[in-house]
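Asker: Build me a structure from this.
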Amino acid sequence: MAAPSLASYEGKAVVGALKEALRSSNWYVRYAAAQSLEHLHVNYGDVVDITAGSDRYAREMLMYRLESRKLQSLEV
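Answerer: Modelled structure (predicted):
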């Protein structure tokens, strides 16, 4: 429940908390964190430690959300 509400805030602490939530063992928490990061319009450079990291599930979830955002912008 916390990850979606964090999308309403900005700042490094918020992004850091959401990046940590991407490492959760719970799929829904990872999804909500990635969705909130997407809502905050983070770019690849902001999350390079996740995308280049060893946590496969965090990386896949984040890349899925970022790719979804890119595809949606192409449709408009």
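Asker: okay, CA-based contacts and neighbour counts for the rest of this
Answerer: Fine.
Asker: pLDDT score for the spatially most central residue of the chain?
Answerer: For the chain, residue 34 is the residue whose C-alpha lies nearest the centre (CA atoms, centre = their mean; 2.5 Å). Looking at residue 34, its pLDDT is 87.
Asker: any idea which helix or strand carries it?
Answerer: helix 27-39 (DSSP states H and E).
Asker: Just name whatever secondary elements that helix is in contact with.
Answerer: If you count contacts as 3 or more CA pairs under 8 Å, 6 or more residues apart in numbering; DSSP states H and E, helix 27-39 packs onto helix 2-6, helix 12-21, helix 56-75.
Asker: Can I get the last one in PDB? Just the C-alpha atoms.
Answerer: Coordinates of the C-alpha atoms in helix 56-75 are reproduced here as PDB (Å, rounded to 0.1, in the frame of the first residue of the first chain):
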ATOM      1  CA  ARG A  56      16.800 -10.100 -11.900                       C
ATOM      2  CA  TYR A  57      13.200  -9.700 -10.600                       C
ATOM      3  CA  ALA A  58      13.700  -6.000  -9.800                       C
ATOM      4  CA  ARG A  59      15.400  -5.400 -13.200                       C
ATOM      5  CA  GLU A  60      12.700  -7.200 -15.100                       C
ATOM      6  CA  MET A  61       9.800  -5.400 -13.400                       C
ATOM      7  CA  LEU A  62      11.400  -2.000 -13.800                       C
ATOM      8  CA  MET A  63      12.200  -2.600 -17.500                       C
ATOM      9  CA  TYR A  64       8.700  -3.800 -18.100                       C
ATOM     10  CA  ARG A  65       7.200  -0.600 -16.700                       C
ATOM     11  CA  LEU A  66       9.600   1.600 -18.500                       C
ATOM     12  CA  GLU A  67       9.000  -0.200 -21.800                       C
ATOM     13  CA  SER A  68       5.200   0.000 -21.200                       C
ATOM     14  CA  ARG A  69       5.600   3.800 -20.800                       C
ATOM     15  CA  LYS A  70       7.600   4.100 -23.900                       C
ATOM     16  CA  LEU A  71       5.100   2.100 -25.900                       C
ATOM     17  CA  GLN A  72       2.200   4.100 -24.600                       C
ATOM     18  CA  SER A  73       3.900   7.400 -25.600                       C
ATOM     19  CA  LEU A  74       4.400   6.000 -29.200                       C
ATOM     20  CA  GLU A  75       0.600   5.200 -29.500                       C
END
